[in-house]
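# just coords:
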């Protein structure tokens, strides 16, 4: 199934605007505000109580001083908490007044999650098969998902663009692209994969 | 003031074909790098630096200045066409440039960006040339408390780019500030929120955040739209050209943004991004149609682009006159001069004034060449708007990934980009504005650095912030700006949630 020919531009612009408006995704809801406020409040509380004490190293002589590395993070989490509380109260007020508002279309959410999943799969694939081949597959998968069905268009794009980018970055700009776990172990024995937490991710595949 | 005899000698020096061709090569390379997400102006200059070893000092500086000036504009082309800022300086341009492209007015947005960049570049360079010694002297008066006061004033612009809800804008700004805390603390080098991952030590790169925040949500939204549609969707036509009348109409915006950009350019460490946001903010503040900002306003594009390009000329002033580089790119330019046996500083002006003047004159040449090459780039951009969404956005994702990786050569940036992208997507759905998030992230490191340096100097006393007239003036401006916005908004109940 090929794509229909592009119609009048103005009509298309109108379609874009309309589809954005009724996509169901871009319509902020009171229920959504309530959820966002709760997430923000929880994040600020975790940041203030757990993350800052545990993940900010403070030299002993600066503990409790304005010049402590933890001073600004603490202040910011406290500010976010304060704002989140106001956000939450306003959202509750709106909820009581107007109800939850229209729900976003579930179908749109599935589609959005689909795009997000393909994007995530592409990034994971970079770790395994390298950036060039992952990009070939990524472009093919996304163009297909977005509705392009012509094999010639998909294959031309998915092959030519990653090869051009490989040439530009590796040969001209001297930026060495990730080769992936599989190919770096085949190409050389310089595989330096240690555990995720303590290693530099850039050394995995170069 | 300008010494006309030296100026005449400098003019004779720069009208050499080798110099003009080197400048043109720099402009073309700068444009290419600018439109490629992930390759920043600094990278373009660094890549070209080895080539200059075999050139005369003036030819070398012509090539590097061509890159320096053009990469800033180049970044706005992709910001307008595909919502992906090519360089951090284009972060403010994307807010109105991309909506204009979506409305079928891409050509106007691109032309406005080009002409505003050119105008402010020319005016700020004239200013830098004429008041070269004065700016240098004023810049010398800016210590940590003064720069902190300027940044504090800049932060008040968050309120004006918060859209319908100031509260949501403030929440977004707080999040931006918090994300900027990841990495090493700027004073003691202590790790903050790195969770044991080495690549987090350097913090999140600004381009990673910008690409994630603006590009990934757009890819998801357009993906959903393309999936649901049965027909080819394109961004639209390039639309009408910018009329001379439209260009002239915004002269006050160019002027204001030029003054802002020049001031920030002359101060070490601030750079083009804050200048772009302040330029955008001032354009909105004085606009008769402020409600159009963020939805596709030519004034917004003009303000942002005039602001970031006005930085170029004045940024050279502290470098040439005092030997203090204004930003990373000017630091590399300074390195290039040193390589060629010229030491920037007060003695350079004494020993070779014609060289100093020639550098500023070369900026004019670079700007004229930018106008020509930029016009050609706009013609080429028409191909982008004709590419269907189904094809364009998968390619944009791949470009964004390559670009983000290329900045520092680490995959943690790509993962962070995706994470910020998903956060940006949910923020967009809930109408939590992205601009305050980006502004806070950009300003946070300077804010913290200057605040803590000031407190170290004063041994913890806050009196240092009111110890000079400059910092008092900017602190008063910050308070006035914040109060005026809150009072104005509360009058119209805009502090409350938009829904």
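Now that the structure is in, tell me what you want to look at. From a predicted model like this one, the values you see are computed outputs, not experimental measurements.

# can you pull the buried residues of stretch B:397-413?
Buried residues in stretch B:397-413, counting neighbours by 16 or more other CB atoms under 10 Å in any protein chain shown, are found at B:397-408, B:410-413. From N, CA and C alone the C-beta is placed, and that goes for glycine too.

# Need the mean per-residue confidence for that stretch.
The average pLDDT within stretch B:397-413 is 88.

# For the stretch 51-200 of chain B, just list every one of the helices.
B:57-82, B:93-102, B:106-130, B:132-140, B:144-155, B:166-180 (DSSP state H, counting those that start in this stretch).

# Out of these, which gets nearest to residue B:360?
Taking CB to CB as the criterion, residue B:360 comes closest to helix B:106-130 out of these, the separation being 4.7 Å.

# Let me know the average pLDDT across the closest one.
Averaging pLDDT along helix B:106-130 yields 90.

# Packing partners of it?
helix B:57-82, helix B:93-102, helix B:244-249, helix B:251-266, helix B:298-309, helix B:312-322, helix B:353-385 (3 or more CB pairs under 8 Å, 6 or more residues apart in numbering or on different chains; DSSP states H and E).

# go with 7 Å
helix B:57-82, helix B:93-102, helix B:251-266, helix B:298-309, helix B:312-322, helix B:353-385 (3 or more CB pairs under 7 Å, 6 or more residues apart in numbering or on different chains; DSSP states H and E).

# quick revisit: out of the buried residues of stretch B:397-413, who's near chain A?
Among these, the ones lying close to chain A by the criterion of CB under 7 Å from any CB of the partner chain are B:397-398, B:402, B:406, B:410-412.

# Is residue B:223 in contact with residue B:391, as I believe?
No - with the criterion set as CB atoms under 7 Å, residue B:223 and residue B:391 do not qualify as a contacting pair; they are 12.0 Å apart.

# circling back to that earlier point, in helices, which of the buried residues of stretch B:397-413 appear?
In helices, judged by DSSP state H, the following of the buried residues of stretch B:397-413 are found: B:397-408, B:411-413.

# what's the distance between residue B:425 and chain A?
Residue B:425 sits 7 Å away from chain A, taking CB to the nearest CB, to the nearest Å as the criterion.

# just residue B:302 next, same as before
When distance is defined by CB to the nearest CB, residue B:302 is 23 Å away from chain A.

# how many neighbours does that residue have?
Under the neighbour criterion other CB atoms under 10 Å in any protein chain shown, residue B:302 is assigned a count of 32.

# Angles on the backbone of residue B:387, please.
Its backbone dihedrals place residue B:387 at phi -80, psi 130, with angles given as degrees, to the nearest 10.

# Count the neighbours of it for me.
Counted with other CB under 10 Å, residues neighbouring residue B:387 total 17.

# Look at it and report its pLDDT.
As predicted, residue B:387 sits at a pLDDT of 77.

# swap in the one 4 residues further on?
For residue B:391, the pLDDT comes out at 85.

# again with residue A:188
Listed pLDDT for residue A:188 reads 57.

# go on, residue A:5?
The per-residue confidence score, pLDDT, reads 37 for residue A:5.

# With residue A:103 instead?
Reading off the confidence values, residue A:103 has pLDDT 60.

# Checking the spatially closest residue to residue A:166 that is not a sequence neighbour next. Helix, strand or coil?
What sits nearest to residue A:166 in space, not counting adjacent residues and going by CB to CB, 6 or more residues apart in numbering or on different chains, is residue A:132, at 4.8 Å. Three states are possible here, and by DSSP: H, G, I helix; E, B strand; the rest coil the one that applies to residue A:132 is helix.
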